[in-house]
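Chemist: Sequence below, structure please.
(4 chains)
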Protein chains: 2
Amino acid sequence: MRSTRKVTLADVAAAAGVSVMTASRVMRGAGHVSARTRARVEAAAAELGYVANRIASTLAGGPTSLVGVVFPSLSNHVYSEVFAGISAVFDPTPLSAFVALGNYHAAHEEKVVRDILSWQPAGVILTGLDHTEGVREMLTTSGVPVVEIMDVDGEPIGGNVGISFLEAGELVAREVLAAGYRRVALIGSRMPDDLLATRRMEGARRVLQRAGASPITELHDEGRSSIALGRQMTAALLDAYPETDCIIYSNDLIAAGGLLHCLADGREVPDRIGLVGFNAVDTLEILPLRLATVDPRRREVGEMAARMIVGAALSLPRREPPEGEGRHPASGLGVWKLAPRFMRGETLRPVTAPAGG
Amino acid sequence: MRSTRKVTLADVAAAAGVSVMTASRVMRGAGHVSARTRARVEAAAAELGYVANRIASTLAGGPTSLVGVVFPSLSNHVYSEVFAGISAVFDPTPLSAFVALGNYHAAHEEKVVRDILSWQPAGVILTGLDHTEGVREMLTTSGVPVVEIMDVDGEPIGGNVGISFLEAGELVAREVLAAGYRRVALIGSRMPDDLLATRRMEGARRVLQRAGASPITELHDEGRSSIALGRQMTAALLDAYPETDCIIYSNDLIAAGGLLHCLADGREVPDRIGLVGFNAVDTLEILPLRLATVDPRRREVGEMAARMIVGAALSLPRREPPEGEGRHPASGLGVWKLAPRFMRGETLRPVTAPAGG
DNA sequence: GGCGCGTATGTTAGCGCTAACCGAATACGG
DNA sequence: CCGTATTCGGTTAGCGCTAACATACGCGCC
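Modeler: A predicted model of the protein is given here:
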């Protein structure tokens, strides 16, 4: 049985009868090696079970290939789909993702970002645009390509991809008004921690107010979204404000709970009451009625963010020019604003007036 | 504006008027530094915006803190919950998780594992026990603590946490028999790629055969699980074998589709036909009937695996003893077999006979 | 007051690799 | 058969940090 001691390039080189440098050239596919020696080195590496040491190569100035990805959480299905998009794009490249969770907590995010930077990453992907001054400064100072995703309402550090949650909220409210609802209430969970949910509620509120149909009430809860929570909040809301004719929820899960409550309670959906969720969660296709919702295009968001990082990371020289100053010379980091997609479903009445204004 | 050049320990040391070594001691909280110098160094570090370089410190022999986690996919909700467990345990420790996806593909997994090892990780968590010989060899040779999760039916490389999918399948079949069903069919998606699904189907089949109630038929599909797929497969199955009185599905999503099909089709569930899923997916609580299913205890699995790694990583010395041979001296890596939890739901008839084999 | 002891700081060497340079070997035309 | 172009391969130095040892400094003690 082979010893457990780590096999280094030097071992491989010795076994192949060449210098370390030549072995290094072979391993990373740099040129200037004859076919014969290349074969010898490769054989030696395979024989010894050599595994490259990225730590050493990175320190010595090789390319970095880790990309830090910060999500608030992964239990939220939304982010795992974004991640799937990211990881699909990275797959054929040398980059790999390194996930860290911010836990909806600014101070924690700062620690996490510092941690990521300490690995000299090739790029960083952050969720949302709200970060502490410390985070912003660390990232700009580091010179690492940064892409912020999901939200686009604010000043990005580097690149930015997502939908405007404010506009998504406005969109929802406009659709609700167009369908003829006027006594609208808002229900949100995990507020105000979930900034994006807060933002879309704000957009909805704004449009309703402008149309002279200010929300009847707003019910918030700090708890984790769930169908049970949606049921319970909806019951409480309709109890206190029975005249409500439409509820805008901060996400699909609690909206689903609301729908089930309304159905169980004998309220006609969508005639007597309309319901809208957010996120276009696909397992909810099992509901008796298709929920009206908004698709935030999360898979695309992940893919585009990853592509931006790939572009920036592979074009960026590893060592900065000796006295260089300007960074990211148009490295492909830009702002991509996607349009949220409204999905009418069956929990809103058909439109009676054009959805403008 | 501060320059973008990287701030090194040497810069901090110079600014604080001490040697690099002293600065290093302060930064990593090693002792032997007076309060006064510590304060000076800390001030200098904060002033310069110093961010430690883990690459360098790891190479120099500092502790490693990355843990590679390999999942087949993250779109499957099951794994994101496992990850949540892992990440909760790592959170208060210096370790952080580094996710890579194997995509249900052995060759790809080998590349991914090599990649992870090249980062000199403090540990590796793998899904399942089926890995190529190359993966097993790389991991044993590297001497890195390894924990394999989910499945426990096989020979682990290092530690192992999970349920027996074979037994889970057997459990399901026993419950089905106990409820009085005899003409049982099996339906699986993403087979045979999803090895764990394959395994639980095998367990079920075995018990059924032993009880003289061999499966009427088995329907497999390579596609991704979805409710639509479940509907369609169920329709096809019941069309071809109308006498079927119970269907065991490889997971909840396709089982949900089956349930919806049966209800739409006017078949009485659970009287005329029983249905069982697998995974205890919680968003499915919106189904009209609570699905019979098995909870594979994924959150706990993630937590325990992470705890094993924490134990092994923190107890293991960084540099191996000069001539040392034996590794993992009882480093806390063991085999933890959890019992799968059966949840009867409402899609199986109440038990008429004791559920013993 | 010189001894030993413990705590604070500095010095030396090296982790495994790669960039940048440089010499040796090969090819080729005249 | 020699000079020049063109490979191929080796040498030197250093990335930023830490282990291990060496040194300096204070302290109490007989």
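Chemist: What about A:R344, how many residues nearby?
Modeler: A total of 17 residues lie near A:R344 under the criterion other CB atoms under 10 Å in any protein chain shown. Just so you know, the C-beta spots here come from the backbone N, C-alpha and C atoms, and that holds for glycine as well.
Chemist: Excluding chain neighbours, give the residue nearest to it in space.
Modeler: Counting by CB to CB, 6 or more residues apart in numbering or on different chains, A:R344 lies nearest to A:A292, which is 5.5 Å off, once chain neighbours are set aside.
Chemist: ok, residues contacting stretch A:96-103?
Modeler: With CB atoms under 8 Å, 6 or more residues apart in numbering or on different chains as the test, stretch A:96-103 has contacts from A:65-74, A:83, A:86-87, A:90, A:108-109, A:112, A:115-116, A:119, A:121, A:127, B:66, B:83, B:87, B:91, B:96-100, B:115.
Chemist: which residues in the stretch 151-300 of chain A form helices?
Modeler: Under the criterion DSSP state H, counting those that start in this stretch, helices of the stretch 151-300 of chain A are mapped to A:165-178, A:195-210, A:227-240, A:252-264, A:298-315.
Chemist: Among these, which comes closest to DNA strand C?
Modeler: helix A:298-315 (13.8 Å; CB to the nearest atom of the strand).
Chemist: Could you list the buried residues of whichever helix or strand comes after the closest one?
Modeler: Note on helix A:298-315: by DSSP states H and E, the next helix or strand toward the C-terminus is strand A:335-338. Residues A:336, A:338 are the ones in strand A:335-338 that count as buried (16 or more other CB atoms under 10 Å in any protein chain shown).
Chemist: Using CSV, list the CA coordinates for strand A:335-338.
Modeler: Output in CSV follows, covering the C-alpha atoms of strand A:335-338 (Å, rounded to 0.1, in the frame of the first residue of the first chain):
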residue,chain,number,x,y,z
VAL,A,335,-25.5,46.2,-15.3
TRP,A,336,-28.0,43.8,-16.8
LYS,A,337,-31.6,44.6,-15.8
LEU,A,338,-34.0,41.8,-16.6
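Chemist: what packs against it?
Modeler: strand A:159-163, helix A:298-315 (3 or more CB pairs under 8 Å, 6 or more residues apart in numbering or on different chains; DSSP states H and E).
Chemist: neighbours around the closest residue to A:P72 other than its chain neighbours, how many?
Modeler: Closest residue in space to A:P72, ignoring its immediate chain neighbours: A:Y104 at 4.6 Å, by CB to CB, 6+ apart. When neighbours are defined as other CB under 10 Å, A:Y104 has 18 of them.
Chemist: got it, and A:T8?
Modeler: The burial count for A:T8: 17, using other CB under 10 Å.
Chemist: quick one: secondary structure of A:V18?
Modeler: The three-state assignment at A:V18 reads coil, by DSSP: H, G, I helix; E, B strand; the rest coil.
Chemist: Check which element follows the helix or strand hosting A:V12 along the chain.
Modeler: In this structure, A:V12 sits in helix A:9-16 according to DSSP H and E. Proceeding N to C from helix A:9-16, the next assigned helix or strand is helix A:20-27, under DSSP H and E.
Chemist: is DNA strand D contacted by that following helix?
Modeler: Yes: using CB under 7 Å from any atom of the strand, helix A:20-27 comes into contact with DNA strand D via A:20-22.
Chemist: Summarise which helices and strands that helix is packed against.
Modeler: Under the contact rule (3+ CB pairs under 8 Å, 6+ apart), helix A:20-27 is packed against helix A:9-16, helix A:35-48.
Chemist: report the angle between the axes of that helix and helix A:9-16?
Modeler: 90 degrees (axes from the mean of the first three to the mean of the last three CA atoms, to 10 degrees).
Chemist: what is the mean pLDDT for helix A:20-27?
Modeler: Mean per-residue pLDDT for helix A:20-27: 88.
Chemist: how about the CA coordinates for that helix, as PDB?
Modeler: Taking Å, rounded to 0.1, in the frame of the first residue of the first chain, the C-alpha atoms of helix A:20-27 are listed here in PDB:
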ATOM      1  CA  VAL A  20      10.700  20.400 -11.400                       C
ATOM      2  CA  MET A  21      10.100  23.200 -13.800                       C
ATOM      3  CA  THR A  22       9.600  20.800 -16.700                       C
ATOM      4  CA  ALA A  23       7.100  18.800 -14.700                       C
ATOM      5  CA  SER A  24       5.300  22.000 -13.900                       C
ATOM      6  CA  ARG A  25       5.100  22.900 -17.500                       C
ATOM      7  CA  VAL A  26       3.700  19.600 -18.400                       C
ATOM      8  CA  MET A  27       1.100  19.600 -15.600                       C
END
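Chemist: which residues touch A:A10?
Modeler: Contact analysis of A:A10 by CB under 8 Å, 6+ apart lists A:20, A:23.
Chemist: and A:V70, that's in a strand?
Modeler: Yes: assessed with three-state DSSP, A:V70 lies in a strand.
Chemist: can you list the residues of chain A near DNA strand D?
Modeler: So chain A meets DNA strand D at A:18-22, A:31-34, A:36-38, A:59-61 (CB under 7 Å from any atom of the strand).
Chemist: Buried only: go through those residues for me.
Modeler: Among the residues of chain A next to DNA strand D, those classed as buried by 16+ other CB under 10 Å are A:18, A:22, A:33, A:37-38, A:59.
Chemist: Flag every residue of the stretch 51-200 of chain A that's near DNA strand C.
Modeler: Checking the stretch 51-200 of chain A against DNA strand C by CB under 7 Å from any atom of the strand, the hits are A:52-53, A:56-57, A:59-62.
Chemist: I'd like to know which of the residues you listed has the lowest per-residue confidence.
Modeler: A:G62 (78).
Chemist: show me the residues around the nearest residue to A:I125 once chain neighbours are set aside that make contact.
Modeler: Among residues not flanking A:I125 along the chain, A:V69 sits closest, at 4.6 Å (CB to CB, 6+ apart). With contact set as CB under 8 Å, 6+ apart, A:V69 has these partners: A:83, A:86, A:97-100, A:124-125.
Chemist: can you put those residues in JSON lines and add secondary structure, neighbour count and pLDDT?
Modeler: Formatted as JSON lines, the contacts of A:V69 follow (DSSP: H, G, I helix; E, B strand; the rest coil; neighbours: other CB atoms under 10 Å in any protein chain shown; pLDDT from 0 to 100):
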{"residue": "A:F83", "secondary structure": "helix", "neighbour count": "26", "pLDDT": "91"}
{"residue": "A:I86", "secondary structure": "helix", "neighbour count": "27", "pLDDT": "94"}
{"residue": "A:A97", "secondary structure": "strand", "neighbour count": "24", "pLDDT": "88"}
{"residue": "A:F98", "secondary structure": "strand", "neighbour count": "25", "pLDDT": "87"}
{"residue": "A:V99", "secondary structure": "strand", "neighbour count": "25", "pLDDT": "86"}
{"residue": "A:A100", "secondary structure": "strand", "neighbour count": "24", "pLDDT": "85"}
{"residue": "A:V124", "secondary structure": "strand", "neighbour count": "27", "pLDDT": "95"}
{"residue": "A:I125", "secondary structure": "strand", "neighbour count": "29", "pLDDT": "96"}
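Chemist: what's near enough to touch the residue lying closest to A:M304 once chain neighbours are set aside?
Modeler: Nearest non-adjacent residue to A:M304, counting by CB to CB, 6+ apart: A:V161, 4.6 Å away. For A:V161, the contacting residues are A:147-149, A:152, A:301, A:304-305, A:308, A:335-336, A:338, by CB under 8 Å, 6+ apart.
Chemist: Buried subset of the residues you listed as a PyMOL selection?
Modeler: Selection of buried members from those for PyMOL, criterion 16+ other CB under 10 Å:
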select buried, chain A and resi 147+148+149+152+301+304+305+308+336+338
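Chemist: out of the contacts of A:V161, who's nearest DNA strand D?
Modeler: Closest to DNA strand D, out of all of these and judged by CB to the nearest atom of the strand, is A:V147, at 24.8 Å.
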